[in-house]
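**Student:** predicted model and sequence below, questions to follow.
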Amino acid sequence: MSNEEIHKLKQNVGKLISTNGFLSTSQSKDVALKYTDQSTTQQQNVLFEIEYDFQKIDSIIAASIAHFSQHPNEDEVLFDLDAAFKLSCVTRDDLLNVTRVVMEVTDEGSAIAQEHTNEIRKDMNSSSPVLVFGRLLTIIGEHDKAQRYFDRLLENPNGPNEEFIYYYMGLVQYHKGNYEQALQHYEHSYKIMSNDINSREFALSYVLNDIGAVFKIQGKYDKALDYFMRALEIRKNYPNYTAIATSLVNIAVIHRLKGEYDRALECSMESLRIREAYLPSEHTETAKTLNNIAEIFTDKDELKTALEYHQKSLKMMEKCLPAEHDDIASCLNRIGLVLTHQGKYNEALDYYMRALSIREQALPKEHLRMTTTLCDIGYVHYSTKNYIMALEYLEKALQIRETCFSDINDIGRVTIFTYIGLTFIKLHQYRDALTYLKRALQVGKIVYPIGHVKLTDCFINMGIAFREMGHYDTAFEYFENASKNEDQNSAKPNPISLARTYDSMGMCLCDQGDDEQGLEYRMKAVRIIEKVFPRPQYADCIDPIGHAFFTNEKYDCALECFFASLTIRVQCLPSDHIDIAQSFLLIGDVFFELEKIADWESIEQYRIKARFYYEQALAIYREKQHANTAYVLHSIGSIYENIHKYHRALEYYYQVWAWYQQYPPAEDSDREKCERSIARVKWFML
């Protein structure tokens, strides 16, 4: 086996695996070892050891066939097709030059499969084993096999299951990302079922539900909601509670996408109660409901709760599905998104890359869900200021969309256009930015209802692009449009969008010379952000506002900003994070400037505070060997110089000099400044 395959086995210890056919084994280890070859750097010999307690498990068929074999001395034992095994351990045995994979025979796989088969037979009141097999292929992600299977069934036109075959063909196309084809199959199924409404009414609810799912993915939320509601009304007349749960969660998703979070949570929680009561204890549909609830909490900024629901969902999915199933990738993606919001970018990137690895194996290269992961990876790089890498991933996602899904307008399309536009702003390529942000706004007006927070963001982003280009009047118009749109938000107003609007308006006014009113708007933004659930990104928004007040010598307001930023970072980041050091440094700078203009009674107080915050910053910067170490050392030296403690000042200036010897400064002027400080203090000491 390849090293990669062995690595996958190690990752799946404790989980179930099954073979694709009959499994031939031997009761003799020596016989098994005869079939091993010479290991290489890329390939390793693997010895599978199977433990089977016949007294505990009788549902797995294994038979000794030595007396039927041409080589009876090999003691061959054959396991049946449906045999399932739990991976116990994967270890290296250097003495035998093999990797040992210990597996335990289990009937858990049979139990899970039987539970799922029973649930599928309840779906649509269809118990045909022929359909159940095709549906199972779809559930486990074997979409191409499922498509070929249903195509063969259709070779007998006008058969007894024709309407169901078309329905399942639509389901296969939906999972493959071929939404128009899926819709055609669903509509064909709907037409046939409508001719026999009395006996097919419940089955019809499935078709209505999945037509709604297509409209949802296309961003047609009102049409989707209409179909979901029609499906629910039918299902209320039947004792199939899991189907009702599906309708409730789909309705909840639409409410969430429209920003109606309380309605969304109400429907989702009701769906979860039903699924936990009527489905097997570990079920993919229950896991999906947990994910939907988590997404609502994410949108409500309750990230800790969101992460708990996502992790619970992931644990359940990993028990129920193959390791390379796309639903697991979707869950990993969602966890990455929450971690991104928490500012844990390295952890987020790890989850995104795991999701991408699964999707590269589970999906076609040009699948719509592939673009979601690529886009999220791009955003992580954007958040860490790696704009070139961000653009690389975002453009990959866009290329897939433009090539294969140019006719689909949905939130994913808005997101990609937005991220590319914002990245170009950071790269100072404003015309390119404007091109993409305009496209984001155009699609946003199609996808989102008036008042939606994402539409507000589209207006703000357009305004930012025009402001950076110096078109202040046009920029201000977009900011005002953002404010008007937020006023029409049917859900709870989004404080961050409101803060962005105030800050953007304030920057626009400052750029035009109206610092007083502009800074007033920007301080409104800070005071809104202070009241919301903390995220590291919010501190990054506050710091530039603090700088603006600092530059205008409004030190009290600057301190308010920098302390707000520090409070957020302390709550969200590790205590030695470099951004916390940045907050300490900025606060120290403000107190350092206040010392210069303070009255005699306050000078000592400001001096002590400045030195305190500089020393806090220095402890972190020095440990990280950060370039700001020299700046902070010089600032502390300046404080001692100002109070005529020249020996202490010289000590710090020499530390700056030693730092520059090890880490040469980017600018020669920094070294010259240090040399002048040393010379000046030495002169004072004469």
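**Tutor:** Looks like it came in fine. Quantities reported herein were computed from a predicted structural model and do not represent experimental measurements.

**Student:** what is the mean pLDDT for the helix or strand hosting residue 147?
**Tutor:** Taking DSSP states H and E as the criterion, residue 147 maps to helix 143-153. What helix 143-153 shows for mean pLDDT is 85.

**Student:** again, but for stretch 351-358
**Tutor:** Mean predicted confidence for stretch 351-358 is 96.

**Student:** residues in contact with it?
**Tutor:** Outside stretch 351-358, the residues within contact range by C-beta atoms under 8 Å, 6 or more residues apart in numbering are 323-326, 328-330, 332-333, 335-336, 339, 370, 373-374, 376-377, 380. Every C-beta, even on glycine, is put in place using the N, C-alpha and C of the backbone.

**Student:** if we use 6 Å, what do you get?
**Tutor:** The contact list for stretch 351-358 (C-beta atoms under 6 Å, 6 or more residues apart in numbering) reads 324, 329, 332-333, 335-336, 373, 376-377.

**Student:** next: stretch 474-488.
**Tutor:** 450-451, 455-456, 459-460, 462-463, 466-467, 497-498, 501, 504-505, 508.

**Student:** now, which of those sits nearest residue 236?
**Tutor:** residue 451 (30.7 Å; C-beta to C-beta).

**Student:** that closest one and residue 223: what is the separation?
**Tutor:** Distance, residue 451 to residue 223, by C-beta to C-beta, to the nearest Å: 19 Å.

**Student:** neighbour count: these two, which is higher?
**Tutor:** Higher neighbour count among residue 451 and residue 223: residue 451, with 18 against 15, using other C-beta atoms under 10 Å.

**Student:** go ahead and confirm the more buried one touches residue 459.
**Tutor:** No: using C-beta atoms under 6 Å, residue 451 is not in contact with residue 459, being 11.7 Å away.

**Student:** now do the shared contacts for the two.
**Tutor:** Residues touching both residue 451 and residue 459 (C-beta under 6 Å, 6+ apart): there are none.

**Student:** what does stretch 572-589 contact?
**Tutor:** By C-beta under 6 Å, 6+ apart, the list of residues contacting stretch 572-589 reads 343, 534, 536, 562, 565-566, 569, 610, 613-614, 616-617, 620-621, 624.

**Student:** oops, could you answer that again for stretch 514-526 instead?
**Tutor:** Residues contacting stretch 514-526 (C-beta under 6 Å, 6+ apart): 499, 502-503, 505-506, 509-510, 542, 545, 552, 561, 564.

**Student:** so, low pLDDT: which residues of the chain?
**Tutor:** Regions of the chain meeting the criterion pLDDT under 70 cover residues 19-22, 38-39, 58-59, 68-70, 80-82, 108-129, 139-141, 157-160, 219, 490-493.

**Student:** what's the longest helix in it?
**Tutor:** helix 600-624 (DSSP state H).

**Student:** downstream of it, the next helix or strand is which one?
**Tutor:** Next along the chain after helix 600-624, taking DSSP H and E as the criterion, comes helix 628-642.

**Student:** list of residues touching that next one?
**Tutor:** The contact list for helix 628-642 (C-beta under 6 Å, 6+ apart) reads 607, 611, 614, 617-618, 621-622, 648-649, 652-653, 655-656, 659, 681.

**Student:** toward the C-terminus from it, list the very next helix or strand.
**Tutor:** Sequence-wise, the next helix or strand downstream of helix 628-642 (DSSP H and E) is helix 646-662.

**Student:** check which residues of that next one are buried.
**Tutor:** Buried residues in helix 646-662, counting neighbours by 16 or more other C-beta atoms under 10 Å, are found at 646, 648-650, 652-657, 659.
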